[in-house]
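# kindly generate the corresponding structure for this input.
(one chain, ligands or ions: 1)
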Amino acid sequence: MQKNVSLKNYNSFGIAVTTKYLADIQDIKDIYQLIKEFPDEKKMILGGGSNVLFLKDFEGIIMLNNLKGKEVISEDENEVRFKIMGGENWHNLVMWAVAQNYGGIENLALIPGKVGTAPIQNIGAYGVEIKDVISQVFAIDMQTGKEVIFYKQDCQFGYRQSIFKKPENKNKYFITAVNINLHKKNYTPNIQYGAIQQVLKDKNISSPSIKQVAEAIIEIRESKLPDPKKIGNAGSFFKNPIVDKDLFESLASQFPDMPFYKISPSKYKIPAGWLIEKAGFKGKRFGAVGVHDKQALVLVNYGNASGTQIQELATMIIDKIKEHFNIDLEPEVNFV
Ligand code: EPU
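Residues are numbered from 1 along each chain as shown. All right, here's what the predicted structure looks like:
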């Protein structure tokens, strides 16, 4: 275990805080040992660090999930079931599945982070969420030191939500592995999103292969989302808010161009990126921090920003959106 380590290279925002200890978890035994040896130290589990905002130094142990490996559990003509260790890189897994022509996760290409943290916020993009392919999540309860298996129905998956994201479960479960089911035959990729259809149309592709869908997704993401290796960010900073019918109708009459998704007869989801752009923040820079110029839902660190500076910008945006639209924006990123 290393002592007094900078976390700059371990979070995609590139915030330079320090951790008292950094533990590289490469084997499940390392987790058991750490729980036994350091029962009183505060612990935090980190995957790719692509959904956190560090506000201050961490006075405890950061446990890096570097558990590697994947195996086929069972397979038939139509489906293949895998167990994938939590420290595997998510995008590499997607690209591997695409190369085998296994369908189900191609729309989740280029999402940063690791397999073991993907279920926590039920990662999703372009009409697909990880919950669509997950069958089981394997975890170690950090309090009891025992293995716990969550079946899909136990995970309470929702939009950017799961049992693992509940405040009372924060850092309670170290996700060691995930079982996912992918399709081999009789599979049609999900291309319902307009942006995908547009890219495919431009290429004259009418019934795309899994690989062509992945390529389209990569093209769309690269055109809108900044590469965290070049400019610090954590993807979408806020969740898309869900509002009641009354508020939705009053906003829709005021802003006829407002995009929305009807999610039930009384609930509507409105893209936070559109609200933030409409409030005038898109592409605006405030010293070391700013709002991305191609997707207003993404806050960026231009250089040596502190977590607090990003948080201040987020608060300013939340206040403006409340004032303009009477909507409460909620961060999607975890503040530590
Ligand atoms: N929009 C604007 N201005 C902006 C950004 C978006 O007007 O600056 C409008 C777009 O024109 C579009 C709508 O808002 O009509 C939705 O935009 P987009 O398709 O880019 O998706 P999003 O709702 O902003 C969500 C996810 C993304 C995911 C995309 C694609 C959340 C919080 N974010 O963004 O996830 O990639 O859909 O499915 O749900 C992430 O979680 O880090 C992430 C990038």
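# test my guess that M95 contacts A109.
Yes - using CB atoms under 8 Å, M95 is in contact with A109, at 7.0 Å. In short, each C-beta sits where N, CA and C put it, glycine included.
# the more surrounded of those two?
Legend: neighbour count by other CB atoms under 10 Å for M95 and A109, higher for A109 (23 against 18).
# all helices for the stretch 101-250 of the chain, in order.
With helices called from DSSP state H, counting those that start in this stretch, the stretch 101-250 of the chain shows them at 194-202, 210-224, 245-254.
# which one of the ones you listed lies nearest to D141?
D141 lies closest to helix 210-224 among the helices of the stretch 101-250 of the chain, at 34.8 Å (CB to CB).
# helices and strands around the closest one, which ones?
Under the contact criterion of 3 or more CB pairs under 8 Å, 6 or more residues apart in numbering; DSSP states H and E, helix 210-224 touches helix 90-99, helix 194-202.
# coming back round to it: overlap in contacts of M95 and A109?
Residues touching both M95 and A109 (CB atoms under 8 Å, 6 or more residues apart in numbering): A214.
# relative to helix 245-254, how tilted is the helix or strand harbouring I317?
With secondary structure defined by DSSP states H and E, I317 is part of helix 307-325. Here helix 307-325 runs at an angle of 80 degrees relative to helix 245-254 (axes from the mean of the first three to the mean of the last three CA atoms, to 10 degrees).
# so helix 307-325, near the ligand or not?
No - judged by CB under 6 Å from any ligand atom, helix 307-325 makes no contact with the ligand; its nearest approach is 12.0 Å.
# buried ones in that helix?
307, 309-311, 313-314, 317-318, 320-321, 325 (16 or more other CB atoms under 10 Å).
# what does that helix contact?
Contacts to helix 307-325, defined as CB under 8 Å, 6+ apart, come from residues 13, 15, 17, 53-56, 237-238, 251, 272, 275-276, 278-281, 286-291, 299, 301, 327-329, 331, 335.
# so of those residues, which ones are in helices?
Residues from the contacts of helix 307-325 lying in helices, with DSSP state H as the criterion: 251, 272, 275-276, 278.
# using CSV, lay out those together with pLDDT.
Shown next, in CSV, are these (pLDDT from 0 to 100):
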residue, pLDDT
L251, 97
A272, 98
L275, 98
I276, 98
K278, 98
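# just name the closest of those to D257, please.
K278 (9.1 Å).
# quick one on the thing from earlier: quick one, which of the helices and strands packed on helix 210-224 is nearest to the ligand?
Across the helices and strands packed on helix 210-224, the ligand has its closest neighbour in helix 194-202 (5.9 Å, CB to the nearest ligand atom).
# residues in contact with the closest one?
With CB under 8 Å, 6+ apart as the criterion, helix 194-202 contacts 107, 126, 191, 206, 208, 212-213, 216-217, 219-220.
# now do the same contact list for the closest residue to the ligand within the stretch 1-150 of the chain.
Going by CB to the nearest ligand atom, the ligand is nearest to A125 of the stretch 1-150 of the chain, at 3.7 Å. Applying CB under 8 Å, 6+ apart to A125 gives the contacts 107-108, 111, 217, 221.
# same list (those) but as a markdown table, adding distance to K8 and neighbour count.
What follows is the contacts of A125, written out as a markdown table (distance: CB to CB, whole Å; neighbours: other CB atoms under 10 Å):
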| residue | distance to K8 | neighbour count |
| --- | --- | --- |
| N107 | 31 | 26 |
| L108 | 27 | 24 |
| I111 | 22 | 21 |
| I217 | 29 | 26 |
| R221 | 24 | 18 |
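# Q100: neighbouring residues, count only.
Applying other CB under 10 Å, we find 12 residues neighbouring Q100.
# again with I28
For I28, using other CB under 10 Å, the count is 17.
# in terms of pLDDT, where does it sit?
With respect to pLDDT, I28 scores 97.
# what's the answer for N186, then?
89.
# show me what contacts it?
Neighbouring residues of N186 by CB under 8 Å, 6+ apart: N78.
# same check on the one 4 residues further on?
By CB under 8 Å, 6+ apart, the residues touching N190 are 107, 126-128, 213.
# count residues in the vicinity of the closest residue to it other than its chain neighbours, would you?
Leaving out its chain neighbours, the residue that sits closest to N190 by CB to CB, 6 or more residues apart in numbering is G127, at 4.9 Å. Close neighbours of G127, defined as other CB under 10 Å, add up to 13.
# which residues in the stretch 151-300 of the chain form strands?
For the stretch 151-300 of the chain, the strands defined by DSSP state E, counting those that start in this stretch cover 173-183, 232-236, 242-244, 261-264, 267-269, 285-286, 289-291, 298-301.
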